[in-house]
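> Give the three-dimensional model of this entry:
(chains A and B)
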2 protein chains.
Amino acid sequence: MSEYQELKPKESLQETLQQVIDLLHRHKLVEELVHKQDMPRHELVESLVHKQNLVELQSKLDKLHPADVAHILEALPLQDRLLVWDLVKAERDGEILLEVSDAVRETLIAEMDSEELLAAAESLDTDEIADLAPDLPHDVIQELLESMDAQNRVRLQSALSYSEDSVGALMDYDMITIRDDISLEVVLRYLRRLGQLPSHTDKLFVVDRNDVLKGVLPLKRLLVHDPEASVAAVMAGDPVIFHPGDDAGDAAQAFERYDLITAPVVDEHHKLVGRLTVDAVLDFIREESDSDLLSMAGLKEEEDLFATVWKSVQNRWTWLAVNLVTAFIASRVIGLFEDSIEKIVALAALMPIVAGIGGNSGNQTTTMIVRALALGQVHLGNMRKLFLKEIGVSLLNGLVWGSMLGLIAWMLYHNVKLGLVMTGAMTLNLLLAAIMGVMIPLVMHKFGRDPAVGSSVMITAVTDSGGFFIFLGLATLFLV
Amino acid sequence: MSEYQELKPKESLQETLQQVIDLLHRHKLVEELVHKQDMPRHELVESLVHKQNLVELQSKLDKLHPADVAHILEALPLQDRLLVWDLVKAERDGEILLEVSDAVRETLIAEMDSEELLAAAESLDTDEIADLAPDLPHDVIQELLESMDAQNRVRLQSALSYSEDSVGALMDYDMITIRDDISLEVVLRYLRRLGQLPSHTDKLFVVDRNDVLKGVLPLKRLLVHDPEASVAAVMAGDPVIFHPGDDAGDAAQAFERYDLITAPVVDEHHKLVGRLTVDAVLDFIREESDSDLLSMAGLKEEEDLFATVWKSVQNRWTWLAVNLVTAFIASRVIGLFEDSIEKIVALAALMPIVAGIGGNSGNQTTTMIVRALALGQVHLGNMRKLFLKEIGVSLLNGLVWGSMLGLIAWMLYHNVKLGLVMTGAMTLNLLLAAIMGVMIPLVMHKFGRDPAVGSSVMITAVTDSGGFFIFLGLATLFLV
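The predicted model follows:
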């Protein structure tokens, strides 16, 4: 399909969405009207107005880019979404399924029978089928495998075997290969004979007869060099390469660092097995940063905006449960000091401040360390400096904010010692936040866990329980 | 510079970093040794070993891609960083300054005099100078402007006038323009005469004599079509275009949606003024998602890992201060109920649970809405459904978790009514979290504020103070 069908910048996409909603609305009004007048349903289906709305909607959808149809499907409540999905031409099902979010894709696939799914999948490339595969029923995948030629079958099977976060899962097979002993003139003629180049083709891959990668020929070089020159003379012999097992996040960083558009993927024998493109990398980066944001907020995965209450609850329960446990522990810490609180009830009002500021400060530290770890900037040589800096920051914060709060506590409750305990507890809890804020992500990283997931919950748990314990403990020692 | 100098995947980049650190370490050992023996400093500088280390380090740096040098500079403490920076060849200063993070760039620029800065900037393209400009001293910019030709001066001045988040700030000027009445053959000859194409060139821009954009000619089409054909016959007449004032985030979404590599930027008269490339978009997306993460954690901006304590504190105080105020308000809410707590001290231990779970649940809701707003998926037609869903989720959560906690409270304190108050308070606070979790980002969006910044702090403030008020209020009504 051409890259240049009718494309929509964001505002006009919003307009289109509104038009779709209006058409759906008109469609429903007709249905309701007919329903009230007790017109039999088959007459309704025949009714002119009714048909007209749907035809108009359908022709609108046909003109849209698959990504824009996907956007509209995601923004519609389930019932409307399925109505629109029915109107989409069957041959476009595949490419639209690729574009929608995982959660919305589930709702669409749930409405399709095996035959429709098979037809949709068959319109796609092998690497695209691999992207859909986790959501397809087992029998559909079996049938797909059987209907494929040998090369594609092997490719699909190996694509399915790569882990989700590997280069193998992101790569495609749309590479054009050439030999190095021909002239650029021959290459130009070969390309003209092909008639069309795969999307994102910015370079050709130079291989020997065993498919071993010898270099790449950027189109830019092909275009500016003398057609008489040989490929070997013009190609770049030392391109950035990836292996299917490489971490996709590392590959994404390399794409950013070296401003790549496509790059070859080779196996352990340096044999060309696929191609990584910047659009796959872009999608990956977006998904990664989304999932970081979601997990920081305690959501398991991207949620369909119009998921059922039950689905949403499942997406959110894991983290709520974890938080409930940590909140309960903090509550038991307070329980230890109930006698002290009974004597000085001001403690109950002041203790959440100590815990809260500790949590905030700890999260700041943790976020910095998590980022530095992801960028590979933390190593043995600079860890001591990092610790010292964070401890310095927390001491300064503790003394400044702690003193201020101590003053306020003193003025509110006319108790100098209470003020001093407040200052001391703030300083100690910020110190605890700094130390644990550095250590938690480092330890998680050390044990091969992703420090972006869960660090925030853990540091908050530590500074809550720790903050209550420090403040109430100091108060019990010095005030009661 | 060639795209294919020595490139480093992540592991070998880590190795290089380690080698640099080792060399620096050896260098320092020599310095210390000399210092202990009271050798005069000028002899030290002359000393062979000392020189040898630095020469080795320098030759290592010379071979690295600018992005990799930037990575190493970011991972080094200030003193080492400046030592390495001194060793970098002056003609590479400009491109490396472009690659480092804002915070690290500041530390490097602070060490350079006007002359060095001027030399570094003069090695860059106009759009790149515009990226550096905010960090450059005023006199350097003045001198740069004076040394430029008229076209570049106008470009730099207009680039500086665009807001940071606009297409104008991201675009470059590396476009190749052609006329539509020539044949592809002529285009091919023209490109060969150019000898080199700008990076990321995937299409040529077709303009008339007044620079008005008539279409684009993708290299892919240029390569596969008959050289006799005219540009007009082969070009794509309706490409995705952007305007300098367009929001960069919207442009990034369009790049993702339509898998673009480059796109033309035109002014209000459809005159070609620049080009947007996927690598600029990629950098923008990374920066955006980083700044979302940082602001969720309460950091103002990206922090140099080895910033001074004072610099770090400044980066963190804004949010700590805001949190302090909200924590203080919550504390005063508790203060209202000190009489009740004095009578039933268990309230003090249980109240943080109600507030904490409310905050978590509210943050989940807010995060979803913020995302949906960014994607343009929320509109008048589906807002009611969104509210209903979130209220449903919160009621279900409230009843399930609330009942469980009610039971636990009953068992711990042998007080049925306390358990019931706990259940009721949990349900009401989760309801509050759901309603405010939807409303806060919507209202911020309505008033043109970025809902990603501050929503989390606000919802937590509401559920903290609200949770304390609801729980202690119910307890005062029914228990005291």
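> Give me the nearest residue to A:R92, chain neighbours excluded.
Among residues not flanking A:R92 along the chain, A:P66 sits closest, at 6.3 Å (C-beta to C-beta, 6 or more residues apart in numbering or on different chains). Yep, even glycine has a C-beta here, placed from its N, CA and C like the rest.
> That neighbour: neighbour count?
Neighbourhood size, A:P66 [other C-beta atoms under 10 Å in any protein chain shown]: 20.
> Go ahead and confirm it touches A:L97.
No - using C-beta atoms under 8 Å, A:P66 is not in contact with A:L97, being 9.1 Å away.
> in the strand or helix carrying A:L395, what counts as buried?
Using DSSP states H and E, A:L395 maps to helix A:380-413. For helix A:380-413, the neighbour count (16 or more other C-beta atoms under 10 Å in any protein chain shown) marks A:381-382, A:385-386, A:389-398, A:401-403, A:405-406, A:408-410, A:412-413 as buried.
> give me the subset of those residues touching chain B.
A:381-382, A:385-386, A:389, A:392-393, A:396-397, A:401, A:405, A:408, A:412 (C-beta under 8 Å from any C-beta of the partner chain).
> and the helix holding A:L395, average pLDDT?
Computed over helix A:380-413, the mean pLDDT rounds to 90.
> Then stretch A:472-479?
Mean pLDDT, computed over stretch A:472-479, is 94.
> what's the offset of that stretch from the middle of its chain?
46 Å (C-alpha atoms, centre = their mean, to the nearest Å).
> Equivalent analysis for stretch A:125-139, please.
Mean-position distance between stretch A:125-139 and its chain equals 19 Å (C-alpha atoms, centre = their mean).
> Get me the contact residues on the stretch 351-480 of chain A for chain B.
Residues of the stretch 351-480 of chain A lying near chain B (C-beta under 8 Å from any C-beta): A:351-353, A:355-357, A:360-361, A:363-364, A:366-368, A:371-372, A:375-379, A:381-382, A:385-386, A:389, A:392-393, A:396-397, A:401, A:405, A:408, A:412, A:456, A:464, A:468.
> sorry, back to before: looking at the ones next to chain B among the buried residues of helix A:380-413, which is nearest A:V345?
Minimum distance to A:V345 across these is 12.3 Å, recorded for A:L412 (C-beta to C-beta).
> Tell me, how many residues neighbour A:L324?
Applying other C-beta under 10 Å, we find 19 other residues in the vicinity of A:L324.
> And the helix or strand where it lies, what's buried?
When elements are assigned from DSSP H and E, A:L324 belongs to helix A:309-336. For helix A:309-336, the buried set under the neighbour-count rule, 16+ other C-beta under 10 Å, comprises A:309, A:311-313, A:315-317, A:319-320, A:322-324, A:326-328, A:330-331, A:333-335.
> and that helix with helix B:380-413, angle?
Using axes from the mean of the first three to the mean of the last three C-alpha atoms, to 10 degrees, one finds that helix A:309-336 and helix B:380-413 are set 40 degrees apart in direction.
> And the nearest residue to A:F337 once chain neighbours are set aside, how far from A:E302?
Among residues not flanking A:F337 along the chain, A:L472 sits closest, at 3.9 Å (C-beta to C-beta, 6+ apart). According to C-beta to C-beta, to the nearest Å, A:L472 and A:E302 sit 41 Å apart.
> For the closest residue to A:R153 other than its chain neighbours, what is the enclosing helix or strand?
Spatial nearest neighbour of A:R153, excluding adjacent residues (C-beta to C-beta, 6+ apart): A:L145 at 5.6 Å. Here A:L145 sits within helix A:138-147, counting by DSSP H and E.
> Could you name the helices and strands sitting against that helix?
helix A:114-122, helix A:150-161 (3 or more C-beta pairs under 8 Å, 6 or more residues apart in numbering or on different chains; DSSP states H and E).
> Now the element after the last one, going C-ward?
Following helix A:150-161 in sequence order, the next helix or strand is helix A:167-170 (DSSP H and E).
> So what touches that next one?
By C-beta atoms under 8 Å, 6 or more residues apart in numbering or on different chains, the residues outside helix A:167-170 that reach it are A:130, A:158-159, A:161-163, A:242-248, A:251, A:265, A:274, A:276, A:280-281, A:284.
> Where helices are concerned, which of these count?
Cross-referencing these against helices under DSSP state H gives A:130, A:158-159, A:161, A:248, A:251, A:280-281, A:284.
> Filtering the contacts of helix A:167-170 by proximity to chain B, which remain?
Restricting the contacts of helix A:167-170 to those touching chain B (C-beta under 8 Å from any C-beta) yields A:242, A:246-247, A:281.
> Hmm, B:V224 and A:R192 touching each other?
Yes - look at A:R192 against B:V224 with C-beta under 8 Å: they come within range, at 5.5 Å.
> neighbour-wise, which of those two wins?
B:V224 (18 against 13).
> The more buried one: what's it in contact with?
Contact partners of B:V224, counting by C-beta under 8 Å, 6+ apart, are A:191-192, A:194-197.
> Could you check the pLDDT of it?
On the pLDDT scale, B:V224 gets 93.
> you'd agree A:V416 is up against A:L407?
No - using C-beta under 8 Å, A:V416 makes no contact with A:L407, being 10.2 Å away.
> and A:L272, how many neighbours?
Using other C-beta under 10 Å, A:L272 has 23 other residues around it.
> ok, and what's touching the helix or strand it falls within?
Using DSSP H and E, A:L272 sits in strand A:272-277. By C-beta under 8 Å, 6+ apart, the residues outside strand A:272-277 that reach it are A:127, A:167-168, A:170-175, A:177, A:199-200, A:205, A:207, A:211-213, A:242, A:244, A:251, A:255, A:261-267.
> try 6 Å
A:171-173, A:175, A:200, A:205, A:207, A:211, A:213, A:242, A:262-267 (C-beta atoms under 6 Å, 6 or more residues apart in numbering or on different chains).
> check contacts around A:A349.
When contacts are counted by C-beta under 6 Å, 6+ apart, A:A349 touches B:331, B:334-335.
> Turn these into TSV, including distance to A:A297 and pLDDT.
Output for the contacts of A:A349, formatted as TSV (distance: C-beta to C-beta, whole Å; pLDDT from 0 to 100):
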residue	distance to A:A297	pLDDT
B:S331	25	94
B:I334	26	95
B:G335	30	93
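> Closest to A:L420 out of those residues?
Nearest member of the contacts of A:A349 to A:L420, counting by C-beta to C-beta, is B:S331, at 17.7 Å.
> so that closest one makes contact with A:I353?
Yes - B:S331 lies in contact with A:I353 (C-beta atoms under 6 Å); the separation is 5.3 Å.
> Give me the below-cutoff pLDDT ranges for chain A.
A:1-11, A:30-50 (pLDDT under 70).
> Would you map the strands across it?
For chain A, applying DSSP state E gives strands covering A:177-178, A:203-207, A:213-218, A:262-266, A:272-277.
> Residue nearest the middle of chain A, spatially speaking?
In chain A, the residue lying closest to the centroid (C-alpha atoms, centre = their mean) is A:E287, at 1.9 Å.
> For burial, what's the neighbour tally of A:L223?
For A:L223, the tally of surrounding residues (other C-beta under 10 Å) stands at 21.
> Right, I'll call it a day here.
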